[in-house]
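Student: Kindly generate the corresponding structure for this input.
(chains A and B)
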Amino acid sequence: MPELRTRPMYILAQDCGVRTRTRGRSILTARVPIAWENLFGGPTGHRVQVVDYDATTDTMYDPALTPRRAPRRPPADSQILGDPTFHAQNVYALVMATIARFEYALGRRVSWCFRGHQLKVAPHAFEQMNAFYSREAESLVFGYYGAPGDRHFMCLSHDIVVHETTHALLDGLRSRFMAPSSADQAAFHEGFADIVALLSVFALGEVMDVLVDRNRRAEGGLIARSAVTAEEIMNSWLLGLADDMESETEGARVNALRRSVTLEPDPNVLKHVEFQEPHRRGEVLVAATMRAFVDAWVRRLDSPEGARTDRIEVRRVVEEGMDVAATLLTMAIRALDYTPPVHLTFGDFLSALLTADTQIRADDSRYGLRKGLLDWFSRYGIAPASEAADGLWEAPAGNSQLVNEGVRFGSLQTDAVEMFRLVWANSEKLNLNPTAYTRIASLRPCIRTSPDDGLPLRETVAECLQYVQIYASELEPFGLTKPEGMADDTEIALEGGSTLILDDYGRLKYEVHNRLPDPARPNDVVKAQDRLDYLWEQGHFDPGASFAARLSTIHRLRAIDPPVRSSEAW
Amino acid sequence: MASPTHVRVRSYNVGFGDCFLLTFMYAGEKERNVLIDFGSTKASRSSPDLPTIARLIHDHSGGKLDMVVATHRHADHINGFGGASGKTIKALKPDLVVQPWTEDPKLAPDAQAPAGRAADAPTGSHALVARLGNMQAVAAAVVAQLPALEASPSVRKTVREQLAFLGETNLANADAVRNLMTMGKKNLYASFGTELPVDDLLPGVKIDVLGPPTLEESAKIQTQRSSDPDEFWQLAATRADPTRADGAPDVLFPAAAVTGPVPQEARWVIPEIERMRSEEILAIVRILDSVLNNTSLILLFEVGETRMLFPGDAQIENWSYALFTAPDCDEIRKRLATARFYKVGHHGSRNATPKTLWKGFEHVGPEGGPGRLETMLSTLAGKHGSVARGTEVPRRVLVEALKAGSNLHDTEDLRKAHPWADVDLDL
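Tutor: Presented below is the predicted three-dimensional model:
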């Protein structure tokens, strides 16, 4: 038998609320190719181990076996709802498909933040209205709820599974993004996970078909152009899908799609008290991205290539939508390599998004996505962190090129010690603090293929982190002022870092940084002071405050909880 | 009739709970008695049982209560109003029973109403009350699951203890609620700014209601930005199906359950899943607990220039309306600043004595100073929160501040033979 490269599997296209327009309105599924691997019961493969244990009833379910060949027909609704084997396969396939998206975008294997290679996934972990990623448990856990006969399984929601997987993947790429820093960083994990989840759903033809066919306005495979405007897509198609989605009625989860469509552009939105909360703030990032998506989609349909008639082929509408969703998704993931390793702001992400995309897709005329993103982010009050006119990170000037004497280029791509040698030899140029604890947190060679010319783009991405532990009384040498009311003996960890991006020849292409504060660089000091004040205000220095953002808490708060005024507490 | 000349605040040692008897004395007139809260969720070695305390209240009030206040629905504030002790209190024939507006039976929708989005689904105030009911159903479910959680070695001991404690505190206390509804000649459900008709009951005494705010007044207490919270608690409550009160929920897929030993490859992660589950339950019960605390009445008693503050268990979200948001909040803060007596909020927890409030008190001062602030703390250490996490009740740094700046009367210092403490103020 010839070796199989992929294993087609059926997944839920969105969730049990989104149904086909035909075939008796059954639950909409999609057939997706998953990279072939040897699978054991669970399914357990080289990246994922599904463990079907339910802590509420203390029950272990039979590890699901996956046949070599995919079933010919999509699963029936009764199987989707009642067969734990399908649930296990659904989460396995969705996690694997999300990993594949990240690897495709980044041009390399991606790893987890923890030591093991296999992410544990519990599709029926407990009877709770929550699902989350836990670094300590190396796991994704999905709850279920509702009385017998009206059960809802969070493991059956495409967007929820991809959202949680994205948390795990992002944590593997930038472990400091879960650390306490600023309102933006606290919100980024959640917002980014929503962006990946929603675009993954729109990159599926099955969902697009249903979306475009919503109002049954298509006749003979054609749809009126007047029904394909940005406004129509937002208010009718996307909100319609949001209405169908289970997460809308379940209350266990905020419907990110609905929020992104209904959040009106406002350049001051991020200043509102409500949007200081991480679980609301992330929605702004999602809204800006989704609007850029819709605009690019409509522009594609409007392009001069298209026939200028009053009707347009449904097929084309669907395919352009999928294409734009997939392209934007790849852009968003690629941007991560161009983000600073610590203290991410939305502006940093925007500059990273634009810069990373320019490297590999110099010509953006097909989608106009870069311009669209810049425009929509600005309408939501997000300006690029880079001060360059185009918002791109600025390449180092000629005289700031690194000294690489004594550095062996051959091992620079793979050996963290060699990379540290390069960093150490250039510590002044890189504005490093020589007294801080300094380490290379990651070193990742990657090869991406440019869609423009088909040629590979080679880059080496290294994260360099710096860390000092001081008392509040020692803030002054860093140019910082102690927040009012903070005790002198309060322990404070200051962090800084740079992402170094090297080209084919080991030369520095970009240095994306949020450095340790130094009075010689007033900009860094202002940013660090803002972060310190924010954390003090948020109660981060209170006794018992948790150090890392708890994703489980953020999810719950998104659904139910109020803000807390910590400065009033003892 | 003239104003009172003297007031005595008596706090009874109920263990973990609150019970205060205010007695206003008048020259040549009979005294007037107000009972504020009566409940306990944990006895201490030196605290008598609730029926005994009820008899003491009977004796100390001369067989008559003029007014009863139940600040909020938590067991440690109202369970004394149920059972045998409740009967004793009822026999004291209170003229007026005051509770927060969230307890108004006219607002209470059918607790058994099915989940879903009916066109006549409750909104606003009704929805909040429905949600409180749903939350208590969730608490009941958690309590039902306690034995199973007890048995699990992967559930952390501290999580187990907190769950047991918070779960029981949040139970519905149906008997006490019913008794409160029927024991008084008149019931009044108050919110920020409600005028309490006490001119005849307590001549010369004025009572300001500073909390809880209504939904319209404060978006903070309602914990909601959309319809999501209602749905959340409603659906969570379906879990609390009374027919499953034995704590044995249904296995989802009986046919697929592994009957033999757990597969070896799953054994590492199973304790992790159990741990996460218990911590999730605790997080939810904590939210529920704090929402109920934030329905607590905050009362400021005023006789001439003397003010006494009884905030129940109000936490910062409840307080913030009176302190920061109300149109006359500056004036309120000024009046609060002159308080001579403060009942320490929420048994001395870290977020129920707003620092703005404490820093504002003018009568805080060194020991022996004239007119120094009198504070009363009804609490029991070691039952709630953890020192390591800085969440212990009572919070150590708060108790230190109370001792340093006021005459602190702590129920933990009381002996069984004399289970009450008094603060006497000349008016």
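
Student: Now residue 57: phi and psi?
Tutor: Picked chain A for this. Dihedral angles of A:Thr57 (phi, psi; degrees, to the nearest 10) stand at phi -110, psi 0.

Student: for it, what are its contacts?
Tutor: A:Glu127, B:Pro249, B:Asp250, B:Val251, B:Leu252 (C-beta atoms under 8 Å, 6 or more residues apart in numbering or on different chains). Glycine gets a C-beta too; all of them are placed from N, C-alpha and C.

Student: Drop anything exposed from these.
Tutor: Neighbour-count burial (16 or more other C-beta atoms under 10 Å in any protein chain shown) applied to the contacts of A:Thr57 gives A:Glu127, B:Pro249, B:Leu252.

Student: what are the ranges of the strands in chain B?
Tutor: Remark: strands assigned in chain B by DSSP state E are B:6-12, B:16-26, B:29-42, B:67-69, B:96-100, B:186-190, B:206-211, B:298-303, B:306-310, B:341-343, B:374-377, B:407-410, B:420-426.

Student: With chain A as the reference, name the closest of those strands.
Tutor: For those, the distance to chain A is smallest for strand B:374-377, at 13.1 Å, taking C-beta to the nearest C-beta.

Student: Output the contacting helices and strands for the closest one.
Tutor: Judged by 3 or more C-beta pairs under 8 Å, 6 or more residues apart in numbering or on different chains; DSSP states H and E, the packing partners of strand B:374-377 are strand B:6-12, strand B:341-343, helix B:396-405, strand B:407-410, strand B:420-426.

Student: and among the ones you listed, the most buried is which?
Tutor: Mean neighbour count (mean count of other C-beta atoms under 10 Å in any protein chain shown) peaks for strand B:341-343 among the helices and strands packed on strand B:374-377, with a mean of 24.

Student: average pLDDT across it?
Tutor: Confidence for strand B:341-343, expressed as mean pLDDT, is 97.

Student: just stretch A:206-226 next, same as before
Tutor: What stretch A:206-226 shows for mean pLDDT is 79.

Student: Other residues contacting it?
Tutor: A:13-14, A:18-21, A:28-30, A:201-202, A:227, A:232, A:236-238, A:240-241, A:301, A:309-315, A:317-318, A:321-322.

Student: Stretch A:40-51 now?
Tutor: Here stretch A:40-51 makes contact (C-beta under 8 Å, 6+ apart) with A:37-39, A:52, A:62-66, A:88-89, A:91-92, A:95-96, A:99, A:117-123, B:263, B:265-266, B:269-270, B:273.

Student: one more time with 7 Å
Tutor: Under the contact criterion C-beta atoms under 7 Å, 6 or more residues apart in numbering or on different chains, stretch A:40-51 has outside partners A:37, A:39, A:63-66, A:88-89, A:91-92, A:95-96, A:99, A:117-123, B:266, B:269.

Student: Show the end-to-end separation of that stretch, please.
Tutor: Distance between the two ends of stretch A:40-51: 12 Å, counting by C-alpha to C-alpha, to the nearest Å.

Student: Please spell out which residues along it are buried.
Tutor: Within stretch A:40-51, the residues scored as buried using 16+ other C-beta under 10 Å are A:Gly41, A:Gly42, A:Pro43, A:Thr44, A:Gly45, A:Arg47, A:Val48, A:Gln49, A:Val50, A:Val51.

Student: sorry, back to before: let's see which of the contacts of stretch A:40-51 end up in helices.
Tutor: Judged by DSSP state H, those include A:Ala88, A:Gln89, A:Val91, A:Tyr92, A:Val95, A:Met96, A:Ile99, B:Val269 as members of helices.

Student: so how far is chain B from the third one?
Tutor: This means A:Val91. A:Val91 sits at a distance of 14 Å from chain B (criterion: C-beta to the nearest C-beta, to the nearest Å).
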